[in-house]
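> My questions are about this predicted structure, shown below with the sequence.
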Amino acid sequence: MGKRSNKGSLRKSLLDIYKILYREFGPQHWWPGETPFEVIVGAILTQNTSWSNVAKAIDNLKKEGYMMPDALHSLPLPRLTRLIRPSGYYNIKAKRLIEFLNFLFNEYNGSLERMFKTNLADLREKLLKIKGIGPETADSILLYAGNYPIFVIDAYTKRILSRHNIITDGMDYHFLQRLFMDNLAEDTELYNEYHALIVKTAKDFCKKKPICELCPLNNPYIPRTSEGKNT
DNA sequence: GACCAGGCACATC
DNA sequence: GATGTGCATGGT
């Protein structure tokens, strides 16, 4: 496959990839978290860290009854640090959690419900001003905790797209985000599932070379004809 | 015992 | 503006 140089075929590639993954794996119903708050905590803890480590830290917080804004907000820093230790970078991440909580309580009286009444552009801008929350973390919070229609770009997304010659290395976050959002319908559910399917595919297939051939994207994928029916 | 993982801020040039 | 570095655990 060559470089997709015109917009139409790019759009088709992105849609075809989605269709293939959805057909293969079905709906993922992401994010792995029981409440919006847990999603937010997970989004911060998973920065440059494997989910298995994050899950241990989340378990610790839940077991001790701290997976709620007010409880976590009142937790002393040393204790918080100790509980999230398995997720790595624990000193930094504890501060990042506190930075977010301070924001939540200062701006919205500790209420996620209120926070998520803010419009997408404004809330995104506010989140990005919090020290320790960058574009991926902000967008994960917006999409998976707040149900806003915004596409999340992460290391998995970049890896899969570059492996399939759809992007080249070095393209920045917002360029890639626009790539998806300009070529797909503005649809929270679609963005949610697409990113989740990318993560699943990358985790299952991208790491292990021998297994890569079994990846649905490496089969005679990207159908040429417009096979209309999905599912 | 290396190497890697769902980023981000900060220093330096 | 681009590039480099620190942050840390647990799985492979």
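Yep, that arrived.
> Stretch A:44-61: how far from the chain's middle?
14 Å (Cα atoms, centre = their mean, to the nearest Å).
> check contacts around the most centrally placed residue in chain A.
The centre of chain A sits closest to A:Ser140, judged by Cα atoms, centre = their mean, with a distance of 4.4 Å. Counting by Cβ atoms under 8 Å, 6 or more residues apart in numbering, A:Ser140 touches A:Trp31, A:Val39, A:Ala43, A:Val152. Glycine gets a C-beta too; all of them are placed from N, C-alpha and C.
> Can you tell me the element it falls in?
helix A:135-140 (DSSP states H and E).
> Chain neighbours aside, what residue packs nearest to the closest residue to DNA strand B within chain A?
Scanning chain A for the residue nearest DNA strand B gives A:Gly134, at 2.2 Å (criterion: Cβ to the nearest atom of the strand). The shortest distance from A:Gly134 to any non-neighbouring residue, by Cβ to Cβ, 6 or more residues apart in numbering, is to A:Leu128 (7.2 Å).
> so the one you found makes contact with A:Pro135?
Yes: using Cβ atoms under 8 Å, A:Leu128 is in contact with A:Pro135, at 7.0 Å.
> Mind checking which of these two has more residues around it?
Ranked by neighbour count (other Cβ atoms under 10 Å), A:Leu128 and A:Pro135 place A:Pro135 first, with 18 against 13.
> got the residues of chain A near DNA strand C?
By Cβ under 7 Å from any atom of the strand, the part of chain A that sits against DNA strand C consists of A:48-50, A:52-53, A:56, A:85-86, A:88-93.
> ranking those residues by neighbours, who comes first?
A:Lys93 (24 neighbours).
> Which residues outside whichever strand or helix holds that one are in contact with it?
Here A:Lys93, judged by DSSP H and E, is contained in helix A:90-108. By Cβ under 8 Å, 6+ apart, the residues outside helix A:90-108 that reach it are A:40-41, A:44-45, A:47, A:69, A:72-73, A:77, A:80-82, A:84, A:87, A:110-112, A:114-115, A:126, A:130-133.
> Just the ones of the residues you listed in helices?
A:40-41, A:44-45, A:69, A:72-73, A:77, A:80-82, A:112, A:114-115, A:126 (DSSP state H).
> ok, which pair from these is furthest apart?
Greatest spacing in these, by Cβ to Cβ: A:Arg82 and A:Arg114 (30.5 Å).
> Low-confidence ranges, chain A, go.
Low-confidence segments of chain A, defined by pLDDT under 70: A:1-5, A:208-210, A:219-231.
> For the helix or strand A:Asn60 falls within, list the C-alpha coordinates in PDB.
Under the criterion of DSSP H and E, A:Asn60 resides in helix A:51-63. Extracted in PDB, the C-alpha atoms of helix A:51-63 (Å, rounded to 0.1, in the frame of the first residue of the first chain):
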ATOM      1  CA  TRP A  51      -2.200  -0.600  33.000                       C
ATOM      2  CA  SER A  52      -1.400  -3.700  35.100                       C
ATOM      3  CA  ASN A  53       0.600  -1.400  37.400                       C
ATOM      4  CA  VAL A  54      -2.100   1.200  37.400                       C
ATOM      5  CA  ALA A  55      -4.700  -1.400  38.400                       C
ATOM      6  CA  LYS A  56      -2.800  -2.200  41.500                       C
ATOM      7  CA  ALA A  57      -2.700   1.400  42.600                       C
ATOM      8  CA  ILE A  58      -6.400   1.800  41.900                       C
ATOM      9  CA  ASP A  59      -7.200  -1.300  43.900                       C
ATOM     10  CA  ASN A  60      -5.300   0.100  46.800                       C
ATOM     11  CA  LEU A  61      -7.300   3.400  46.700                       C
ATOM     12  CA  LYS A  62     -10.600   1.600  46.400                       C
ATOM     13  CA  LYS A  63      -9.900  -0.900  49.100                       C
END
